[in-house]
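Chemist: make a model of this:
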Amino acid sequence: MNNFVSKPPNIGKKIERIRSLRGLSQSELGELLGGISKQAVSKMEQNDTMDEDRIKEVAKALGVTTEGLKKFNEESILYCTANFYEGSHSVNTNINTIVNEPVEKIIEIYEKRFQTLKQEIIEALKNGK
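Modeler: So this is what the prediction gives:
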């Protein structure tokens with residue numbers, strides 16, 4: 001029997017994923033980090049480790065906390081999102097450390113979007129579409 005243990009993503013992969021989720025290119029992140037090149041960002045995203053000061057700089061540039069960057073994993077984001085949509089109020093993950101927006105602001109954004117979608121659905125039903 002094979003016991004495979006998946007290695008947690010390295011810090012570079014976490015940076016790459018958060019950068020991507022934030023909609024930033026490598027060049028844009030480089031500018032936020034003081035004008036480093038796209039190639040330097042690419043190399044940074046391939047690193048398994050990084051010194052603490054650099055992690056703090058990158059986290060600030062990405063708009064997340066240092067702990068949020070270090071602990072980032074997509075499973076917790078998916079779990080939190082699924083629970084939000086299912087109406088659960090017991091969001092006990094570290095979402096506040098990942099996104100520097102208060103939970104109330106995030107909820108407000110989703111509620112506004114929900115209201116818009118609800119109106120579109122009602123109009124579509126009224127028009128028989």
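Chemist: please count neighbours and contacts with C-alpha atoms only from this point.
Modeler: Fine.
Chemist: need the helix or strand of the chain with the lowest average pLDDT.
Modeler: helix 95-98 (a mean of 45; mean pLDDT, DSSP states H and E).
Chemist: what's the following helix or strand after that one?
Modeler: Going down the chain from helix 95-98, the next helix or strand is helix 103-126, by DSSP states H and E.
Chemist: in that next one, what counts as buried?
Modeler: Within helix 103-126, no residue counts as buried by 16 or more other Cα atoms under 10 Å.
Chemist: that one - what's its average pLDDT?
Modeler: Helix 103-126 comes out with an average pLDDT of 78.
Chemist: now do stretch 63-82
Modeler: 73.
Chemist: got it, and stretch 19-32?
Modeler: Mean predicted lDDT for stretch 19-32 stands at 90.
Chemist: let me know the pLDDT of Glu5.
Modeler: If you look again at residue 5, you'll see it is Val, not Glu. At Val5, the pLDDT value in this model is 46.
Chemist: ok, Ala59 - contacts?
Modeler: Thr65, Thr66, Leu69 (Cα atoms under 8 Å, 6 or more residues apart in numbering).
Chemist: no no, Leu29
Modeler: Arg19, Val41, Ala61, Leu62.
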